[in-house]
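Engineer: Generate a structure from the sequence data that follows.
(chains A, B and C)
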Amino acid sequence: MSFIPCDTSMIALVDCNDFYASCERVFDPRLIGRPVGVLSNNDGCIIARSAELKAMNIEMGTPLFQIQALERKGCIALRSSNYALYGDLSARVMQILDEFSPGVERYSIDEAFLDLAGMQSPEEICRQIVHKVPVYTGIPVSVGAAPSKTLAKVASHLAKKQAGRKGICVFHSANDPELINWLNTLAIEHIWGIGKRLGRKLRQHGIETALQLREADHNWLKRHFSVPVKRTAMELNGTNCLTLDDTPDPRQNIMCSRSFQKATNSLTDLKEAIRFHAQTACQKLRKQNGLAQAILVSVRTNSHRFEPQHKEARAWALPVASDDSALIIRYAQEQLEQIWQPGFRYRKAGVMLLDIIPWRPMQLGLFEHQQKEKKDQEHKRRNLMHTLDKLNDRIGRDAIGFGLSREQADWKMKMAYRSPRYTTCWNEIPVVKAN
DNA sequence: TGGGGTCCT
DNA sequence: AGGACCC
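Structural biologist: Have a look, this model is predicted:
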């Protein structure tokens, strides 16, 4: 039996630089070198910025109206968020990372943890990653590596922040003097896992920096705070106590919800929205080979307004575990009619699929002739769904589905600055012209 | 800023 | 179930 001592652990965090803005640049090179901002759903505010936009001191969360004049003058470029594009490019990046380690945890759309334990030269691997990913995908990345996830986060921060590092920062030991120096200046609430509230509470006890946290008594931390805070302190000490989750369990719930561009009371509008979300949720469900046993439909008004409020969500068990879009849409719409009330301006609607179990053939009834009929029916349904999913995968999501939504419905998102779905929609793939 | 998640209590 | 945290 081989024994690998803990202090040989080495975790790398690969982080895409300004991911959404970089994605927009991949297919629109005119944006290279320009300040680029990506907007939230409904074009509300800035949620991602290129380096040039950051340099203009345009902060995260800046409302669109404050920068619209700059956009019109051509000083900055804006894009509505295009998650089909970002998801696709993310998958390409992750695919390349898989070549560098057998243990890759897709932590978020633009970040992954890699297990580099036992590899000869983490620096060399990081260098190759930082070189290869942009060459193959057009997305620049930086890498931080250290003995624990929390320290890898710290390293990744430095990799980005300090220009001389060229996007790479490796700490072999938690006792690296440079690392200790940095931890000494790192404010407590900037540590991964310590948010605003915990930060405030820790400060009340005199703990203000990352270094102070890691030197605090761990049992005291566990008693006065929580197990996670204690674990964060251990991680800062270089003890790798957060596992690398490279094979996450399939979802037990799938939720799809969106706020509308304009509030609406129309039941027709809401039914359309619910149908749309139920359909998207079912696509995700089938992709993970699951069956839902219950659904939940929710609607709510805009709580930021001084007007009559109504917020309701109701769950309903399905008669049989199902992944059938038509059936689930029907149930979801029936439920919507139960909770919808006249006189409210609804701002958001959603569908959640609950109690998801792995797919299995339908349970059989008591009588044989019924069995055969039901089996045939189920078979046909599955074929239909399969065909739908394949077409939507190939032609572009929402290319084909149940029912039609009106192009300009209130419940739809506002996406005035949307870029083409370069990678997921045949009508919008880029055209290369050559003379 | 808002639509997803996770984990812990 | 709700809180806290994450991206």
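
Engineer: what does chain A put close to DNA strand B?
Structural biologist: Those residues of chain A that sit near DNA strand B, judged by C-beta under 7 Å from any atom of the strand, are A:40-42, A:44-45, A:47, A:60-61, A:63, A:226-228, A:245, A:248, A:251, A:253-259, A:284, A:348, A:350. Heads up, the C-betas are built off the backbone N, CA and C, glycines and all.

Engineer: can you do 6 Å?
Structural biologist: By C-beta under 6 Å from any atom of the strand, the part of chain A that sits against DNA strand B consists of A:40-41, A:44-45, A:47, A:60-61, A:63, A:226-228, A:251, A:254-259, A:348, A:350.

Engineer: any idea how far A:S81 is from A:G103?
Structural biologist: Distance, A:S81 to A:G103, using C-beta to C-beta, to the nearest Å: 30 Å.

Engineer: So which of those two has more stuff around it?
Structural biologist: A:S81 (23 against 15; other C-beta atoms under 10 Å).

Engineer: Report the separation between the more buried one and A:K390.
Structural biologist: Using C-beta to C-beta, which is the criterion applied here, A:S81 is 26 Å from A:K390.

Engineer: how about the helices of the stretch 51-200 of chain A, start to end?
Structural biologist: In the stretch 51-200 of chain A, helices defined by DSSP state H, counting those that start in this stretch lie at A:51-55, A:64-72, A:83-97, A:122-137, A:149-161, A:177-185, A:196-204, listed in chain order.

Engineer: Identify whichever of these lies nearest to A:L213.
Structural biologist: When those are ranked by distance to A:L213, counting by C-beta to C-beta, first place goes to helix A:196-204 at 6.9 Å.

Engineer: tell me which residues of the helix or strand following the closest one are tucked away?
Structural biologist: Sequence order places helix A:210-215 as the next helix or strand after helix A:196-204, per DSSP states H and E. Buried positions in helix A:210-215, judged by neighbour count with 16 or more other C-beta atoms under 10 Å: A:210-214.

Engineer: and A:W182, how many neighbours does it have?
Structural biologist: Burial measure for A:W182: 21 neighbouring residues, criterion other C-beta under 10 Å.

Engineer: Is it correct that it is in contact with A:L158?
Structural biologist: Yes. Under the criterion of C-beta atoms under 8 Å, A:W182 makes contact with A:L158 at 6.5 Å.

Engineer: Once you drop chain neighbours, what's closest to the residue of the stretch 151-300 of chain A found nearest DNA strand B?
Structural biologist: Shortest the stretch 151-300 of chain A-to-DNA strand B distance, computed as C-beta to the nearest atom of the strand: residue-wise this is A:S259, at 3.3 Å. Closest residue in space to A:S259, ignoring its immediate chain neighbours: A:K348 at 4.3 Å, by C-beta to C-beta, 6 or more residues apart in numbering.

Engineer: Secondary structure class of the one you found, three-state.
Structural biologist: Using DSSP: H, G, I helix; E, B strand; the rest coil, the three-state assignment for A:K348 comes out as strand.

Engineer: can I assume the residue of the stretch 151-300 of chain A closest to DNA strand B sits in a strand?
Structural biologist: Yes. Applying three-state DSSP, one finds A:S259 inside a strand.

Engineer: Tally up the residues packed near it, please.
Structural biologist: Under the neighbour criterion other C-beta under 10 Å, A:S259 is assigned a count of 18.

Engineer: Next, work out how far apart it and DNA strand C are.
Structural biologist: Here the distance between A:S259 and DNA strand C works out to 16 Å (C-beta to the nearest atom of the strand, to the nearest Å).

Engineer: quick one: contacts for that residue?
Structural biologist: By C-beta atoms under 8 Å, 6 or more residues apart in numbering, the contact set of A:S259 is A:41-42, A:347-348.

Engineer: What remains of the residues of chain A next to DNA strand B if I keep only buried residues?
Structural biologist: Those of the residues of chain A next to DNA strand B that meet the buried threshold are A:40-41, A:45, A:254, A:256-259, A:348, A:350, by 16+ other C-beta under 10 Å.

Engineer: for these, which one is nearest DNA strand C?
Structural biologist: Of all these, DNA strand C sits closest to A:S40, with 11.4 Å by C-beta to the nearest atom of the strand.

Engineer: you'd agree A:C256 is up against A:G350?
Structural biologist: Yes. If you go by C-beta under 8 Å, A:C256 and A:G350 touch, sitting 6.2 Å apart.

Engineer: Report the set of residues contacting both of these two.
Structural biologist: Common neighbours of A:C256 and A:G350 (C-beta under 8 Å, 6+ apart) are A:H277.

Engineer: So A:A48 versus A:V36, what's the distance?
Structural biologist: Relative to A:V36, A:A48 is positioned 8 Å away (criterion: C-beta to C-beta).

Engineer: Common neighbours of the two, please.
Structural biologist: Overlap between the neighbourhoods of A:A48 and A:V36 consists of A:A21, taking contacts as C-beta under 8 Å, 6+ apart.

Engineer: more neighbours, those two?
Structural biologist: Set side by side, A:A48 and A:V36 show more neighbours around A:V36, with 25 against 22, by other C-beta under 10 Å.

Engineer: Model confidence for that one, exactly?
Structural biologist: At A:V36, the model reports a pLDDT of 95.

Engineer: I'd assumed A:K54 was in contact with it.
Structural biologist: No. Proximity of A:V36 to A:K54 does not meet the contact threshold set by C-beta under 8 Å, at 10.3 Å.

Engineer: State the distance from A:N237 to A:R231.
Structural biologist: Remark: distance between A:N237 and A:R231 (C-beta to C-beta) = 11 Å.
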